[in-house]
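The following comprises the amino acid sequence and a computationally predicted model.
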Amino acid sequence: MENTATYLGLIPLLPLAGALVTGLLHMLTCRRKPLPELFYGVVGCIGPLLAFFFALVLFFHLKGMPAEERFLSHIPYTWFAVGDLRVDMGFLADPLSSLMLLFVTFIGSLIHIYSIGYMAGDENFGKFFSYLNLFLGSMLILVLGNGPVVMFVGWEGVGLCSYLLISFYSKERENVLAGNKAFIVNRIGDFGFVLGVSLLFWAIGAGGFDYLALQANAGSLTPGVGIAVCLLLFLGACGKSAQIPLYVWLPDAMAGPTPVSALIHAATMVTAGVYMVARFSFLYVQFPVAGSVVAWVGILTALLAAIFGLFQRDIKKILAYSTVSQLGYMFAGVGVAAYSAGIFHVFTHAFFKALLFLGAGAVIYALHHQQDIWKMGGLKEKMPKTYWTMLIGALALAGCPPLSGFFSKDEILFSALAHGHIGIWLVGVVVAALTAYYTFRMIFVVFHGQPRDQHAWEQAKDAPAVMTWPLLILAFGAFFVGFLNLPGLFGGGLRVSHWLAPSLVESHPHVGLGVELLAVFAGVAAFVVGITLAYRKFGKGATEPEYRGFARFAYHKFYVDELYNALFVQPYKAFGGVISRILEPKVTDLPVRLSTWLYRWAGNAFKVLQVGYVRVYALYMVIGLSLMSLILSQSIN
Amino acid sequence: MFSYALSVMIFLPILGGLALFAAPVGRGAARAIGMAIALAVLAMGIEIFLGFSPVGGMQHVEHRPWNLSLGISYSLGVDGISLLVLMAGAVLFPLVYAVFTTRTKGFYANLLLVQGAMIGAICATDLVLFYLFWEIMLLPVFFMIGIHGGAGRLPATLKITIYTIAGSLLMLAALIYVGVAHQAQFGFWSFAIADLAALNLSGGFTVWAFFMFMVAFAIKIPLFPFHTWLPDAYTEAPTSTTFVLSAIMAKIGVYGVIRFVIPVFEIEFARWALLLALAGVAGMLYCGLAAIAQKDLKRMLAFSSASHMGIIALGVFCMNVQALTGSLFQIAAHATSTGVLFLFVGLMEERMESRQIDEFGGIAYQAPIFATFFAIAMLASVGLPGTSGFIGEFLIILGAIKFSIFIAVLAGTTLIVGVCYMLWMYQRVFFEKSNERTAQFKDLRLAEILTFLPVILLIVAMGIFPQAFIGKIEPAAQLQVAQLQKGGESGGIAASIDLAPSPHNHKN
Amino acid sequence: MIQDYLILSIILFSLGILGVISRRNVFTVFMSIELMLNAANLAFIALSRLHESMDGHVLAMMVMAVAAAEAALALAVVILLHKHKGKLDTNVFSLLRG
């Protein structure tokens, strides 16, 4: 028991140690004789694999405990304590974090292995593994932290790694700019997070600042403060999980290597916001207003990103907007207080989106870094393994029954309907159709039809085994993990939801069979409509259409980036310039300049009197003496 | 530790510096002597830190009457408030001698003088003694900038001189006022801070005296809008002087507010705290925005430093134990991170003969170790958790919320502002493509790595195990805040806001 | 009676000052200074008579001695100045100009 709890501290430490070792070795050797790639690959994979092993041990340990007592906590030391504030460097494993832990370490390990193949030949191979390990360690701190402040350590840590990995190919200015954008936009979210956490402390944090204590004290929150805390925390989630209005960084983040896009910008880091909202379910459930805001922001983001996804030509950008859109679904789920449905979608999405990204990576790898789908086509014959695995991923994403995406998405839409959020449900169904459409647009254009670039097509082939095996494993997962949470309608027992129940505060409204059937029917119908449309337009080969009107507007992503640039970035820089060129020298510097000027002026004024003739000085003396005598005689009288 | 430790820490460098002026030695020997003295002071500082017991009061107290008729005494002491400032003054100086090797004998002598005077100002518990050391501390800086500075050193020296002299004169006047008031109230002269704290100051002139003190310290911190000497002085000064100015001397300004202004003027302080806090955040935003427009790397860091000082000052004005402790911690954190950044820039200037951001690029490929060290210091400066910068910033923002939501929201933007200019700078200096200038850049040598490594490790250790530091400063901060709240109550000012009607809220 | 002497002394002194201030020739300035000294002497003698003590006389004798010494020194200086610049106009000597 006590031993198992100490694994909690060990789990994040393992990848962090890996990061330290690989990072130091790379730093010291890269300018001289680089170490062999295999060494970095093996050292880099040990940490994640061991962490996965311990995560499994932990999971089964928790599973062996009675449902209501599934909490393991390990507090190595007090991080800092000032006044009533006491923050422990503590880790907590409960059903929610153990589930997250399990799939983060699992998918993380797979992607580490995949990267050995994908990054082969890169001069910064060691650096890549160091960053990837650092990321995994930070993510595990985020998941395992026992309170909001420790979570923030991981929260910022993953943000840093995201920055480092997006700007990994740092010789190109655009990549670094994309990294900067990601970090800065994330920081805007963190601003909300820090304020929310601070506000939460003054409201209910004096009795202990970890989740369990906060949950116990949450009853005394006043609505004003409570809603403010919820919304501020959600601002943090918007930054990390790319929701309106802070979603803009995620598509640009595709500048990083593809395994990074799969691990960080699809499967794990970007879902941290959803995890955080679920973690604070005891707050959001008290203030349904805040929950509604979350749900609406989520579903509108889902809609917006899906629309953008329809017109992208870069295969990774399609998947990026798809990720934003799916994250919107998750927020819609946790916003309508269906936390287990949201987390379940996080879980399934991690499998099929990582699969799609890694598949896309295999395609890009095969085509020598070609990412434009309109230069692909007909790759089905050349890359069968990639095709079939990606097809499973695409079907899961599009919500084809009985693949995993279908069940998790259906659970969210059904919950929205059951909680009476008809509007959210309607938008959600539309987005489901759009999702099916853009996903299969991609599949058809890339793998079907005639090759558009004959030369590249001839050279294309499936990736080496170290890259395809992770694909196969993920495809297996994307196909089957949905059955873990089979709803009652299909004879299942909602096992994931029941597993999560002790960590979450949620209610399951009872609705009739009709509503349940309606939800399922609408989901299937949306899938069928979407895939049919896509097949009719792209199924038998197509050329790139010319975009006009709304399509053109959407192709340019509604010019949101340009708008933000004009509204925030340029004024920011201009203001900096105004300060340093006008305000600083001419206004705030005025007192100093004025004082020197005054000295000079006074000097010049008195210089006139210094004529140099002794007799004039004598005159001054006489005048002075006369005045003195006058004053003295006045005062004597 | 023997009982005269503080005196030795003060007068060893001062006497060493004076002797160095007179002694006919070369620059190498001068540097070696300086290094030896700095290391001796460092050893004593570490001894004091380790032996420091986490209670509220003064330790290592020395007291001997000096001028009986005016009640001036030579009294020294260290408590939780001065501990980390003292440590910054002791830990960072050896770096200066280690990194820069080409200065003249006079420069090293000035450096020794400034260190001794700083430690004196930090340890003095008598207002007049503090003032004395304060003035001695400023003098060598004029020479260091004026003689050894860059091309625009003369205007910069003039500017810092005008500002600091103005501040010093104001402080002198206010100091006399306080002494006279004490004599009038208690019938005897005293400038000991413990005696002055008992003063019950009121009346029209008190406000003036308060602001005279505040302006003197605000100039040194520097608090908006008294910061304009800073960019010029920091940019034109030799890097080691910039390092001393930013890492330690600016902190003595904040320290002076905590040590002398708060206990003496608790009512006025509570009354004007909101205004001062506004000045703090305004300075943070203003300098942060100005930083992004800078082309000179050193000047950008100067604005960045001023921006962070705004936040540190804010923590003092928020009047609760979290924010105050945060400030005290951040003093040390900022001293290490920004100080090291300045040293790095000095190193780059020495090796590439430029400070223009546009002329750099791709250093990360030439010098991975240097780039990593720089990145760690930079991340600490933007407050990334796991580095020293986060703890203080978080505590200050947390405390600011209690003080005023509006101020806290403004203060929170420091998270965004800092990262903008730092990342953009890092991109243009370390990433992108290298050019002829940066292709020549040599990575840190082993000796340099060993010089910087302790500080880099300190930055990380302070982020991961901050309680070792916070535990020592927190009791003193508690005492200080308790005193303030007494003042706030008797002044009839409700400076804090209630967020929830919970009984825990009124504990601090 | 005593007022008359003092008024005369003041008039003489003022004339001396006027001479020092307004005349440019070194010799005239020098003579004006002598006039001022003698005005002071007159006052000394008059006041000595008034108080019926010899102190004033002593001082007057002293002033005369000093004036004689001064004259010797000043004339030497004047000769040097004349050698230096060739003129006796005080406007030529303006090294103190600010």
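Perfect, I can see it now.

which residues in the stretch 1-150 of chain B form strands?
Listed in chain order, the strands of the stretch 1-150 of chain B (DSSP state E, counting those that start in this stretch) span B:59-67, B:72-78.

So what does the residue lying closest to A:V104 once chain neighbours are set aside look like in phi/psi?
Excluding its sequence neighbours, the residue lying closest to A:V104 (Cβ to Cβ, 6 or more residues apart in numbering or on different chains) is A:T268, at 5.2 Å. C-beta: built from backbone N, CA, C; applies to glycine. Taking degrees, to the nearest 10, you get phi -120, psi -70 for the backbone angles of A:T268.

Next, find the distance separating A:T268 from A:V346.
Using Cβ to Cβ, to the nearest Å, we find A:T268 at a distance of 9 Å from A:V346.

Skip the chain neighbours and tell me the closest residue to A:G145.
A:M151 (4.0 Å).

residue ranges with poor pLDDT in the stretch 51-200 of chain B?
Along the stretch 51-200 of chain B, the parts satisfying pLDDT under 70 run over B:102.

what pLDDT does A:L413 get?
Note for A:L413: predicted pLDDT of 90.

Which parts of the stretch 351-500 of chain B are helices?
Assigned by DSSP state H, counting those that start in this stretch, the stretch 351-500 of chain B shows helices spanning B:363-366, B:368-381, B:388-403, B:405-412, B:414-430, B:436-439, B:446-464, B:467-490.

hmm, the last one in reach of chain A?
This points to helix B:467-490. Yes. Helix B:467-490 comes into contact with chain A (Cβ under 8 Å from any Cβ of the partner chain), by way of B:467, B:470-471, B:474, B:477-478.

Pull out the buried residues from that helix.
B:467, B:469-481, B:484-485, B:487-488 (16 or more other Cβ atoms under 10 Å in any protein chain shown).

can you tell me the helix or strand for the residue nearest to A:G145?
helix A:148-166 (DSSP states H and E).

May I have that helix as CSV, with CA atoms only?
Extracted in CSV, the C-alpha atoms of helix A:148-166 (Å, rounded to 0.1, in the frame of the first residue of the first chain):
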residue,chain,number,x,y,z
PRO,A,148,-4.1,23.2,-8.6
VAL,A,149,-0.7,24.6,-8.0
VAL,A,150,1.2,21.4,-8.6
MET,A,151,-1.0,20.9,-11.6
PHE,A,152,0.2,24.3,-12.8
VAL,A,153,3.8,23.1,-12.7
GLY,A,154,2.9,20.4,-15.2
TRP,A,155,0.6,22.8,-17.0
GLU,A,156,3.4,25.2,-17.7
GLY,A,157,5.9,22.5,-18.2
VAL,A,158,4.0,21.0,-21.1
GLY,A,159,3.6,24.5,-22.5
LEU,A,160,7.3,24.9,-22.5
CYS,A,161,7.9,21.6,-24.1
SER,A,162,5.2,22.4,-26.7
TYR,A,163,7.1,25.6,-27.5
LEU,A,164,10.5,23.8,-27.7
LEU,A,165,9.1,21.1,-29.9
ILE,A,166,7.1,23.3,-32.2
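
For residue 91, which non-adjacent residue is closest in space?
No chain was given, so I picked chain A. Setting aside the residues directly before and after it, A:F91 is nearest to A:L8 in space (Cβ to Cβ, 6+ apart), at 3.9 Å.

nope, chain C
C:R24 (5.8 Å).
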